[in-house]
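Novice: Okay, predicted coordinates and the sequence, questions at the end:
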Amino acid sequence: MKILLVDDAVSNRRAGKSQLTALGHEVVVTSEYGEARALACKGGFDIALLDLLMPAEATTLGTKARAEFLGCEIAIGFPLILSMAGNVGRIAVATDMNHHNHPMSAAVDWFMGVQKLVVNGSHVLILHAPICEDGCKNWAKVLDQLMACGSFTHDLM
Amino acid sequence: MTQATLFIQYESPNPANPIAAVIAQIAKGCGAVIRDKLIDDTDIETDLAFVNSAETALRFIKETEHTVIFLSYFNKNEETESHALASRFPTRIKAMPIVERTGEENILIPLILAIAEINKEKNQ
């Protein structure tokens, strides 16, 4: 399968590329969510694996907003789902942020065990990332769980 | 002798990019090696990077784990944005004016000190 992996942490991107390539998948990695969206819109990806919290990019921000927001962690994983839905068959958002430390990570708790989300035809999984012994995300397990999403009954869009 | 490594991405409308050339000359003169890639083919990052755009600094933060980024600026808008970004990554980004408006401080001084410090550490 062709997988788009989006994470701002070098260690998580390296781990994901290594884990998923070893499973025989073609993996495209990026740290930029704007680039990720553009790649997904072009099409050709079967799977998108996304980080939840990433530093805000400049995009269309004006001068004041750039000073206020550039580099601040934002929960971009959620709008990325909506943006990619319909273009990518299966999408997972996986965070390694402790749910005691960030409100949007706490919101991920709402989706624990929910494996029936369909957004604009795409199967969606939102979860706390399984972690490897070295502290990196276990993207192979995230993929396993995403592929196990079977009976889809909730169409959100 | 192992030397500090520096990658420079100084964006300029001038194709000759004389400021980047000057920064490279000064850094080399102070003991750094200039690299043409931020990360080489064996995933080794440069010790230092020199940029003049907050967006580029942020991209480098995400592309590397350890590289310390010197973010230079000229005007007031860039100053506010650069210091705001540096405050979010205090161990990774040093924001300073390329030339201070009223004083004599400029970003090359801490860059030279950083090169010296890295060279000292690498050769102890």
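Specialist: Sure, I can see it.

Novice: show me what contacts the residue in chain B that chain A sits nearest to?
Specialist: Across chain B, no residue is closer to chain A than B:Lys62, which sits at 3.8 Å (C-beta to the nearest C-beta). C-beta: built from backbone N, CA, C; applies to glycine. When contacts are counted by C-beta atoms under 8 Å, 6 or more residues apart in numbering or on different chains, B:Lys62 touches A:Asp8, A:Ala9, A:Val10, A:Ser31, A:Glu32, A:Pro55.

Novice: ok, now with 6 Å
Specialist: When contacts are counted by C-beta atoms under 6 Å, 6 or more residues apart in numbering or on different chains, B:Lys62 is found next to A:Asp8, A:Ser31.

Novice: before we move on, which element is it in?
Specialist: Secondary structure from DSSP states H and E places B:Lys62 in helix B:54-63.

Novice: What of A:Met97?
Specialist: Counting by DSSP H and E, A:Met97 is found in no helix or strand.

Novice: Kindly export the helix holding B:Lys62 (C-alpha atoms) in CSV.
Specialist: Only the C-alpha atoms of helix B:54-63 are listed here, as CSV (Å, rounded to 0.1, in the frame of the first residue of the first chain):
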residue,chain,number,x,y,z
ALA,B,54,11.1,32.2,10.6
GLU,B,55,9.3,29.7,8.3
THR,B,56,12.6,28.2,7.3
ALA,B,57,13.7,28.0,11.0
LEU,B,58,10.5,26.2,11.9
ARG,B,59,10.9,23.8,9.0
PHE,B,60,14.5,23.0,10.2
ILE,B,61,13.2,22.5,13.7
LYS,B,62,11.0,19.7,12.4
GLU,B,63,13.6,18.3,10.0
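
Novice: now that helix: how far from the chain's centre is it?
Specialist: Computed by C-alpha atoms, centre = their mean, to the nearest Å, the chain-centroid distance of helix B:54-63 equals 12 Å.

Novice: One more: stretch A:96-116?
Specialist: Worked out by C-alpha atoms, centre = their mean, stretch A:96-116 lies 13 Å from the chain centre.

Novice: can you check stretch A:63-83 too?
Specialist: How far stretch A:63-83 lies from its chain's middle: 14 Å, per C-alpha atoms, centre = their mean.

Novice: I'd like the average pLDDT over it.
Specialist: On average, the pLDDT along stretch A:63-83 is 96.

Novice: Name the residues that touch the helix or strand harbouring B:Ile109?
Specialist: Taking DSSP H and E as the definition, one finds B:Ile109 inside helix B:108-122. The contact list for helix B:108-122, computed with C-beta under 6 Å, 6+ apart, reads B:Thr2, B:Gln3, B:Ala4, B:Ile26, B:Cys30, B:Gly31, B:Ala32, B:Asp47, B:Phe70, B:Lys94.

Novice: beta partners for the residue nearest the centre of chain B?
Specialist: By C-alpha atoms, centre = their mean, the mean C-alpha position of chain B lies nearest to B:Phe50, the distance being 2.3 Å. Applying DSSP bridges to B:Phe50 gives these bridge partners: B:Ile8, B:Phe70.

Novice: ok, it - contacts?
Specialist: For B:Phe50, the contact set (C-beta under 6 Å, 6+ apart) comprises B:Ile8, B:Ile23, B:Phe70.

Novice: before we move on, the earlier item: now tell me which of the contacts of helix B:108-122 the prediction trusts least.
Specialist: Lowest in pLDDT among those is B:Thr2, which has 91.

Novice: so how far is A:Ala40 from that residue?
Specialist: As judged by C-beta to C-beta, to the nearest Å, B:Thr2 and A:Ala40 stand 42 Å apart.
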